[in-house]
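In: Need coordinates for the following:
(one chain, ligands or ions: 3)
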Amino acid sequence: MATLEGLYAITPDTDDSERLIERVSDVLPHGVRLLQYRNKSQDPVRRLWQANLLASLCHSHGVTFIVNDDVELALAVGADGVHLGRDDAAIAAARARLGADAIIGASCYDDIKLAEAAVAAGASYVAFGAVFPSGTKPHAVRAPLELFAQAKRLGVPSAAIGGITADNAGEVISAGADMLAVIGALFDAADPAQTAEQLAAALRR
Ligand SMILES: Cc1ncc(COP(=O)(O)OP(=O)(O)O)c(N)n1
Ligand SMILES: Cc1ncsc1CCOP(=O)(O)O
Ligand SMILES: [Mg+2]
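Out: Ligands and ions are numbered 1, 2, ... in the order given. Next up, the predicted model:
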């Protein structure tokens, strides 16, 4: 079973599959423990193509591979699991479809009650955010860092998402988050590999 802690990279949304693979290949060897394929814009054929490539790449690096939103795509490419939010499939239905060993992440926004319900329904980890303003998702609900201390009693790991950078990562880890989920600060960085190292180092402190 994969360890649900550390740097959780999430892919930028792009139609350029070659560049996507190049960018992910650059960061994977630098402390990434999980990778989520998040693509809201492309057709099913391109999503299947990209997800297949990323699944092979992650598994060849020993990195856990998660698909955002789409339970059937996760099954089709042999992903380790899926991440689901309020507009996606129900956690219990996903657990029934994917089986006991699958990793199922649940978006809980700023709501500890939602997290309790997600765990009761079979979630493997809970995510709170946006913990800081996010350029990728500017209208995301904002979540206070106090949630990570409260989440300790849930018995599953927690992920923080939204506006996380190498500069503010320490604050989020001190608050109790087990995983840092990052898109922009990683993939828009001048040197993504170095930024991944910095984020991973903050998690080891
Ligand atoms: C690790 C992680 N946390 C939260 C989210 C957000 O999920 P959701 O609320 O379903 O929003 P979209 O990502 O689907 O726009 C996530 N993807 N990953
Ligand atoms: C999907 C999602 N949900 C809340 S914030 C966010 C985007 C995170 O991206 P970034 O790390 O660029 O702020
Ligand atoms: Mg979603």
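In: CA only for contacts and neighbour counts going forward, please
Out: Noted.
In: now the helices: where do they sit in this structure?
Out: 17-27, 44-60, 71-76, 91-98, 112-120, 147-150, 169-175, 184-187, 192-204 (DSSP state H).
In: and those, which is most packed in?
Out: Comparing the helices of the chain by mean neighbour count (mean count of other Cα atoms under 10 Å), helix 184-187 comes out on top with a mean of 22.
In: Which strands and helices lie in contact with it?
Out: helix 192-204 (3 or more Cα pairs under 8 Å, 6 or more residues apart in numbering; DSSP states H and E).
In: And the helix it packs on, what does it pack against?
Out: The criterion is 3+ Cα pairs under 8 Å, 6+ apart, and the helices and strands that helix 192-204 contacts are strand 6-10, helix 17-27, helix 169-175, helix 184-187.
In: Can you check which of those gets nearest to L147?
Out: Distances from L147 to each of those were compared by Cα to Cα, and the smallest falls on helix 169-175, at 8.2 Å.
In: D13 and V71: what is the separation?
Out: As for D13, its distance to V71 is 18 Å (criterion: Cα to Cα, to the nearest Å).
In: contacting residues for A94?
Out: Going by Cα atoms under 8 Å, 6 or more residues apart in numbering, A94 touches V71, I104.
In: ditto for T11
Out: Going by Cα under 8 Å, 6+ apart, the list of residues near T11 reads L20, V24, L35, Q36, Y37, R38, N39, I183, F187.
In: what does the chain have sitting close to ligand 1?
Out: N68, D69, H83, L84, G85, R86, S107, A127, A159, I161, A181 (Cα under 6 Å from any ligand atom).
In: distance of the closest residue to the second one other than its chain neighbours from E22?
Out: So that's D69. By the measure of Cα to Cα, 6 or more residues apart in numbering, the closest residue to D69 outside its immediate chain neighbours is L84, 5.2 Å from it. The spacing between L84 and E22, counted by Cα to Cα, is 26 Å.
In: what does D43 give?
Out: Distance from D43 to E22, by Cα to Cα: 21 Å.
In: what bits of this structure have low per-residue confidence?
Out: Counting by pLDDT under 70, the ranges of the chain that qualify are 1.
In: Tell me which residue in it sits closest to ligand 1.
Out: Of the residues in the chain, the one nearest ligand 1 is G85, at a distance of 3.2 Å by Cα to the nearest ligand atom.
In: which residues touch that residue?
Out: G85 makes contacts with D69, A106, S107, C108, as judged by Cα under 8 Å, 6+ apart.
In: make it 10 Å
Out: G85 makes contacts with N68, D69, I91, G105, A106, S107, C108, Y109, A127, as judged by Cα atoms under 10 Å, 6 or more residues apart in numbering.
In: List just the nearest of those residues to E197.
Out: Scanning those for proximity to E197, where the rule is Cα to Cα, the winner is A127, at 22.2 Å.
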